[in-house]
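K.L.:
No letters, just coordinates:
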C-alpha cells in the first residue's frame, strides 16, 4: 500500500497508519493519538473523512484538541464538533465504518 501524503516524513504505509489509528498497533512512540492528531493536522478534509467517521471525530476531539498546533485547524474542528450534533445528529449515529459526507 502507498504512503499517505500526510505522513511524508515517516516510513509507514497506509495499512500500518490505519492500524495505528484504530489503536491496534504502536510503532515506537507512534500510537492512536499520534495518528489521529497527524491526520487532523495535515490531511485534507476529504482525506480525514476517509479515515475517521464524524462520530469518531466528535468523540475523540476533546482528547486531541490541545495537541493540534494549528489555531485555524483547532477553530475549524471546534466548529464542526459543535455544529454536527445540532444540525446533523444522524451523522453521529452512523456506524463507525460508514464514512458519509454532509449533504
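P.N.:
Noted; the coordinates are in hand. What you are looking at is a predicted structure, and each value in this text was computed from that prediction instead of being measured.
K.L.:
contacting residues for the residue lying closest to residue 69 once chain neighbours are set aside?
P.N.:
Distances taken as Cβ to Cβ, 6 or more residues apart in numbering put residue 41 closest to residue 69, at 6.6 Å, once the chain neighbours are dropped. To be clear about C-beta, it is placed using only N, CA and C from the backbone, and glycine gets the same treatment. Each residue near residue 41 by Cβ atoms under 8 Å, 6 or more residues apart in numbering is listed here: 6, 68, 69, 70, 73.
K.L.:
any low-confidence regions in the protein?
P.N.:
For the chain, the stretches flagged by pLDDT under 70 are 1, 94-103.
K.L.:
same thing but at 90, please
P.N.:
For the chain, applying pLDDT under 90 flags the ranges 1-5, 89, 93-103.
K.L.:
Now do the helices in it.
P.N.:
Under the criterion DSSP state H, helices of the chain are mapped to 14-22, 32-42, 45-51, 54-64, 71-87.
K.L.:
Report the buried members of the contacts of residue 41.
P.N.:
Those of these that meet the buried threshold are 6, 68, by 16 or more other Cβ atoms under 10 Å.
K.L.:
Just the ones of the contacts of residue 41 in strands?
P.N.:
If you go by DSSP state E, these have nothing in strands.
K.L.:
Residue 86 versus the residue nearest to residue 69, what's the distance?
P.N.:
25 Å (Cβ to Cβ, to the nearest Å).
K.L.:
can I assume residue 37 is in contact with residue 65?
P.N.:
No: Residue 37 is beyond contact range of residue 65, at 9.5 Å (criterion: Cβ atoms under 8 Å).
K.L.:
Tell me which of these two has more neighbours.
P.N.:
Neighbours per residue (other Cβ atoms under 10 Å) separate residue 37 from residue 65, with residue 37 holding more: 18 against 15.
K.L.:
Other residues contacting stretch 67-77?
P.N.:
With Cβ under 8 Å, 6+ apart as the contact definition, stretch 67-77 has outside contacts at 33, 37, 40, 41, 57, 61, 65.
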